[in-house]
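# Any chance you could fold what I've pasted below:
(one chain, ligands or ions: 1)
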Amino acid sequence: MEVDLDGGCLCGGVRYHYAGELGGALGAVTQCHCGQCRKAQGGPVSVAPAAAAGFSVTRGEGLIRSYESSPGKQRAFCGVCASPLWSRRTADPAVMRLRLGSLDAAPPALRIEAHIFIEDAPDWDATAQDAPRYPGLEPGLS
Ligand SMILES: [Zn+2]
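Okay, the predicted model is just below:
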């Protein structure tokens with residue numbers, strides 16, 4: 001889908017703008033359950049491919065840190081609040097994989113199209129869909 005949106009990290013130090021295709025011809029919108037994403041983000045992470053040509057950091061370029069989690073794959077995050085922002089492969093520099101959690105407001109039509117590396121998901125993740133859902137905190141907490 002074509003989008004025009006803004007995003008950034010938790011502390012607000014890093015802000016970005018993206019205009020262009022999100023997912024679609026660039027690839028599926030996925031939720032990744034691999035062990036690397038679990039460690040990097042604390043759980044499964046939702047990701048959409050975006051065109052680097054339409055992406056710009058509008059604030060906090062100097063705050064962005066990057067970790068090469070496997071050869072040629074960089075995971076970008078805020079150096080202040082540690083929010084995951086995107087990943088990028090040196091072999092495929094034209095495509096960025098935006099962390100959907102960093103979007104200020106996701107397009108209403110945006111959907112996860114595939115769960116990947118599901119074989120790596122621990123039981124707590126694999127069974128998460130069966131748990132009860134609450135609009136706020138779980139009962140007993142306020
Ligand atoms: Zn931050």
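
# Quick one: the helices in this protein, in order.
35-41, 123-126 (DSSP state H).

# what does the helix or strand of the chain with the lowest mean pLDDT contact?
Every helix and strand in the chain was compared by mean pLDDT, DSSP states H and E; the lowest is helix 123-126, with a mean of 90. Residues from elsewhere that reach helix 123-126, judged by C-beta atoms under 8 Å, 6 or more residues apart in numbering: 33, 38, 43-44, 118. All C-beta atoms are positioned from the backbone trio N, CA, C, and that covers glycine.

# For it, buried residues please.
When burial is assessed from 16 or more other C-beta atoms under 10 Å, helix 123-126 yields no buried residues.

# for stretch 97-117, same thing?
Buried, per 16+ other C-beta under 10 Å, within stretch 97-117: 97-103, 106, 110, 117.

# so what's the spatially most central residue of the chain bridging to?
By C-alpha atoms, centre = their mean, the mean C-alpha position of the chain lies nearest to R99, the distance being 1.3 Å. Beta-bridge pairing of R99 under DSSP bridges involves V47.

# isn't it right next to S46, touching?
Yes: with contact defined as C-beta atoms under 8 Å, R99 counts as touching S46 (7.2 Å).

# got the residues of this structure near the ion?
Residues of the chain lying close to the ion by C-beta under 5 Å from the ion are 9, 11, 13, 78, 80-81.

# one more time with 6 Å
9-11, 13-14, 78, 80-81, 83 (C-beta under 6 Å from the ion).

# count of residues packed around the nearest residue to A51 once chain neighbours are set aside?
Using C-beta to C-beta, 6 or more residues apart in numbering and skipping the chain neighbours, the partner closest in space to A51 is G20 (4.6 Å). G20: 16 surrounding residues under other C-beta atoms under 10 Å.

# Tell me where the chain has strands.
In the chain, the strands defined using DSSP state E lie at 2-8, 15-21, 30-32, 45-51, 55-59, 64-70, 73-78, 84-89, 92-99, 114-116.

# Reformat the ones you listed as TSV; add mean pLDDT.
Converted to TSV, the strands of the chain look like this (pLDDT from 0 to 100):
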stretch	mean pLDDT
strand 2-8	97
strand 15-21	98
strand 30-32	96
strand 45-51	97
strand 55-59	98
strand 64-70	97
strand 73-78	97
strand 84-89	97
strand 92-99	96
strand 114-116	96
